[in-house]
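**Q** Give me a 3D structure for the following:
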Amino acid sequence: MATPTKAAANAATPTAHSATVGAVEHGHAASTAFPPFDTSTFGPQLVWLALTFGFLYLMLSRTLLPRVGGVIEARASGIRNDLAQAEKLQSETQNSLKAYEQALTTAKVSAAGIAKSQRDQLVAETDRERSAVDAQMAARVADAEKRIAASKTTALSAVTGVANDTVGAIVAKLTGQTVTNAEIAGAITAVKAK
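**A** Predicted structure coming up:
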């Protein structure tokens, strides 16, 4: 305990007293070093550091790290699922593309076959119509040739009659004699034979 004279001295200088009391209470002389760098407190500081680190490690490993690990695992799982889905869709797309190309090739072959069939059918139909038209034209030409031959024969017989009359008239006018149609026909035949 402090004596009355010391109490009076302490009352006069309260700042000096608190510094002295603080230094005496801890049992150390007052030092000017920063407390964390004071070598006399390294031991307790290391103990508290180990306790604090251990406590924080336990708290983080029991609460925060499992949550973070769960989130990381969920994201990794989501990425794996998305990649698997993308590969599946890519495979389906490739299969669909192959099926489309095969269907397109089949359609092209089928269209070419249909076009060839239609072309062949049209050619055959055109040939049939051409044959029918050619037959009609040949029949018309033959009919026309018959008519021409008949007309020619008629015209020649008429010409022969006219020629006989004309020759008889010319001979009668020039010579004054009449000539028979048989004589005129014999003379024309003799001229044609030369």
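**Q** Wait, Ile184 touches Ile170, no?
**A** No: here Ile184 does not reach Ile170: they are 10.2 Å apart, not a contact under Cβ atoms under 8 Å. In this view, the C-beta of every residue, glycine as well, is placed from N, C-alpha and C.
**Q** Please name the residues that touch Gly78.
**A** Counting by Cβ atoms under 8 Å, 6 or more residues apart in numbering, Gly78 touches no other residue.
**Q** Give me the distance between it and Gln85.
**A** To Gln85, Gly78 is 10 Å away according to Cβ to Cβ, to the nearest Å.
**Q** got it, and Thr93?
**A** Remark: distance between Thr93 and Gln85 (Cβ to Cβ) = 12 Å.
**Q** what does Phe53 give?
**A** Per Cβ to Cβ, Phe53 is found 44 Å from Gln85.
**Q** again with Met59
**A** Applying Cβ to Cβ, the value for Met59 to Gln85 is 38 Å.
**Q** for the protein, what spans make up the strands?
**A** Counting by DSSP state E, the chain has no strands to list.
**Q** Tell me which of Ile184 and Ile170 has more neighbours.
**A** Using other Cβ atoms under 10 Å as the criterion, Ile184 and Ile170 rank with Ile184 on top: 18 against 11.
**Q** pLDDT score assigned to the more buried one?
**A** Predicted confidence (pLDDT) for Ile184: 79.
**Q** low-scoring stretches of the protein, by residue?
**A** By pLDDT under 70, the low-scoring segments of the chain are 1-31.
**Q** Helices of that one, start to end?
**A** Under the criterion DSSP state H, the chain contains helices at 4-12, 14-25, 42-59, 65-175, 181-193.
**Q** quick check: angle from the fourth one to helix 181-193?
**A** Read that as helix 65-175. With axes from the mean of the first three to the mean of the last three Cα atoms, to 10 degrees defining the directions, helix 65-175 sits at 130 degrees from helix 181-193.
**Q** Give me the angle between helix 65-175 and helix 42-59.
**A** On the basis of the same axes, to 10 degrees, helix 65-175 is oriented at 50 degrees to helix 42-59.
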